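> Build me a model:
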Amino acid sequence: MGQLFYGNASESIEIPDRLLAHIKVLAATKLRRSESFTLTWKHPAGEASGRSTIWLQPSIPLRFVFDSAESEKLDSALLTEMAKSASSSAGLVVDLEHTAPAAVTSVAAPVRATRTLAAAA
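Reported below is the predicted structural model:
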């Protein structure tokens, strides 16, 4: 399980390594272009129910920590779908409960990506 450190918070957001690798590439690409976006997720089992959203913009520090020392293989179709979602008014919505499948939901109707991270491995 990877960790995303947002801003100056000492607490991290736990995200499966494969999903975090995709979020890292997406964030780096969008923030390099000065494109801000939101990232939303439902709280995983064992935490208080609800969901959280963070605003990602170039001036807010981000740190990505991966459990594995090896780089994850990225799914370009999933990255494209994530980029479309991140550019929408709803922002990027991910599902932290699924460690291997695509964890992006669409703006118009919540739908899982047709390609999975597991299939891309």
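> So, low pLDDT: which residues of this structure?
Low-confidence segments of the chain, defined by pLDDT under 70: 98-121.
> can we see that at 90?
Applying pLDDT under 90 to the chain picks out residues 43-49, 68, 70-73, 95-121.
> Where do the helices of it begin and end?
17-32, 76-86, 117-120 (DSSP state H).
> helices or strands up against the first one?
Read that as helix 17-32. strand 2-6, strand 51-56, strand 62-65, helix 76-86, strand 92-94, helix 117-120 (3 or more Cβ pairs under 8 Å, 6 or more residues apart in numbering; DSSP states H and E). Every residue, glycine included, has its C-beta placed from N, CA and C.
> So for this protein, the centremost residue is which one?
Ile23 (4.0 Å; Cα atoms, centre = their mean).
> quick one on the thing from earlier: ok, which of the helices of the chain comes nearest Gly50?
Closest to Gly50 of these is helix 17-32 (Cβ to Cβ; 19.4 Å).
> Using JSON lines, please lay out the helices and strands packed on helix 17-32 together with mean neighbour count and distance to Pro16.
Output for the helices and strands packed on helix 17-32, formatted as JSON lines (neighbours: other Cβ atoms under 10 Å; distance: least, Cβ to Cβ, whole Å):
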{"stretch": "strand 2-6", "mean neighbour count": "18", "distance to Pro16": "7"}
{"stretch": "strand 51-56", "mean neighbour count": "14", "distance to Pro16": "16"}
{"stretch": "strand 62-65", "mean neighbour count": "15", "distance to Pro16": "12"}
{"stretch": "helix 76-86", "mean neighbour count": "18", "distance to Pro16": "13"}
{"stretch": "strand 92-94", "mean neighbour count": "24", "distance to Pro16": "10"}
{"stretch": "helix 117-120", "mean neighbour count": "17", "distance to Pro16": "8"}
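> Thr29 is nearest to which of the ones you listed?
For the helices and strands packed on helix 17-32, the distance to Thr29 is smallest for helix 76-86, at 7.4 Å, taking Cβ to Cβ.
> Which strands or helices does that closest one pack on?
Applying 3+ Cβ pairs under 8 Å, 6+ apart, we find helix 76-86 packed against helix 17-32, strand 37-42, strand 92-94.
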